[in-house]
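[1] Turn this into a model:
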Amino acid sequence: LEGLSPSQREHYLALKELRDKILSNHQKLPGGRVLAASSEQRVDALLSSFVRLLTTLNHYRKYLSVTDRKGVEEELAELEADVAQEQNARLKDVKQKRLEILRKRLQRFQQAEESREVVSHQLAGIEDLLKLTHEQSIAIRDPESLSRQLEALAAEAETTEESVREMERFMEFTEETGPQLPSGERVR
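    Model (predicted):
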């Protein structure tokens, strides 16, 4: 939570308050203590996923803000034109390898943009799911029906956790690619 912005922390706290209301409503049902105990773990898993996704979203935002996509695209276009006119085979081969690296950088940038959007939608999905669970905890008086919904909630949390792990692996790979020179500072 410490790494989140104040507005993100407030958003999380609002969802945590919603969680408390859900559990309170579950306790009011017949056999409510058992139901509240089992639902608490599932709802907490969603909240945990929410925080992890926010952290991942912040990593993507940071990565995308320091990467100058337009500069890479321009450099790629210039280098492609240069390679097409190069007569020296050795020099052409070296430039061709550099072209491949620039293309991979552009591909990585596009993957990060797509993943950022996926994370944003997953965050919204968790929030919607918690709101739906709260609304249903008010209206439902059948513990069996609620139990089925909580199982679905647990499955959603598991799917979200797997998505978070995939994105974290992506970010680790990005960070392991080594130090990046600020745009404009190239060694030639």
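[2] Excluding chain neighbours, what is closest to the residue nearest the centre of the chain?
    The structure's the chain has its C-alpha centroid closest to Val119; by CA atoms, centre = their mean the separation is 3.5 Å. Using CB to CB, 6 or more residues apart in numbering and skipping residues adjacent in sequence, the residue nearest Val119 is Leu57, 4.6 Å away. C-beta coordinates here come from the backbone N, C-alpha and C atoms, glycine included.
[3] Could you list the buried residues of the helix or strand hosting the one you found?
    Here Leu57 is covered by helix 32-66, with elements defined by DSSP states H and E. Neighbour-count burial for helix 32-66, counted by 16 or more other CB atoms under 10 Å, picks out 32, 35-36, 38-40, 42-43, 45-47, 49-57, 59-60, 63.
[4] picking up where we left off before, in terms of secondary structure, what does the helix or strand the residue nearest to the centre of the chain falls within contact?
    If you go by DSSP H and E, Val119 is part of helix 89-139. Under the contact criterion of 3 or more CB pairs under 8 Å, 6 or more residues apart in numbering; DSSP states H and E, helix 89-139 touches helix 6-27, helix 32-66, helix 69-85, helix 143-176.
[5] Mind putting those helices into TSV with mean pLDDT?
    Below are those laid out as TSV (pLDDT from 0 to 100):
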stretch	mean pLDDT
helix 6-27	91
helix 32-66	83
helix 69-85	91
helix 143-176	65
